[in-house]
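Colleague: here is a sequence with its predicted model. Questions after.
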Amino acid sequence: MSCTFCKIIQGQIPSTAVYQDEFGYAFADIHPMAPVHVLVVPREHISSLDAADESKRALLGHLLWAAAEIARKKGLGNGYRIVVNTGEDGGQTVDHLHLHLLGGRLLNWPPG
């Protein structure tokens, strides 16, 4: 498989693990946009949020819970942002569903 995130999950590409369980893997973004920038991905290859059908409802909820758990452990009590880019127009650059957890500074809106 040529998916970058699948290769990271499988250990073929090095990453800095932040959290992992049987459903997902979270790792530090190599181009952080905030002091805390973690990517939370399902272990199962799902190309985007748009490709996640009803059978993925529990998995999607679990990924959000995992992101919140990471935020708690990282001390982001003042707040954080979860971003899911979907499709080319949505800014998705890797065809594997992923949540961006951003925090550790004031996050302005709208983003740049």
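Modeller: Nice, I can see it. Numbering: from 1, shown residues only.
Colleague: for the longest helix belonging to the chain, list the C-alpha coordinates in CSV.
Modeller: Criterion DSSP state H: the longest helix present in the chain is helix 57-73. The C-alpha trace of helix 57-73 is given here as CSV (Å, rounded to 0.1, in the frame of the first residue of the first chain):
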residue,chain,number,x,y,z
ARG,A,57,-19.9,5.5,13.5
ALA,A,58,-18.3,3.9,16.6
LEU,A,59,-14.8,4.2,15.2
LEU,A,60,-15.4,7.9,14.5
GLY,A,61,-16.6,8.5,18.0
HIS,A,62,-13.6,6.6,19.4
LEU,A,63,-11.2,8.8,17.4
LEU,A,64,-12.8,11.9,18.9
TRP,A,65,-12.6,10.5,22.4
ALA,A,66,-8.9,9.6,21.8
ALA,A,67,-8.2,13.2,20.6
ALA,A,68,-9.9,14.6,23.8
GLU,A,69,-7.9,12.1,26.0
ILE,A,70,-4.6,13.3,24.4
ALA,A,71,-5.6,16.9,24.9
ARG,A,72,-6.3,16.2,28.6
LYS,A,73,-2.9,14.4,29.0
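Colleague: the single longest strand found in the chain - what's its average pLDDT?
Modeller: Looking across the chain with DSSP state E, the single longest strand is strand 36-42. Per-residue pLDDT values across strand 36-42 average out to 98.
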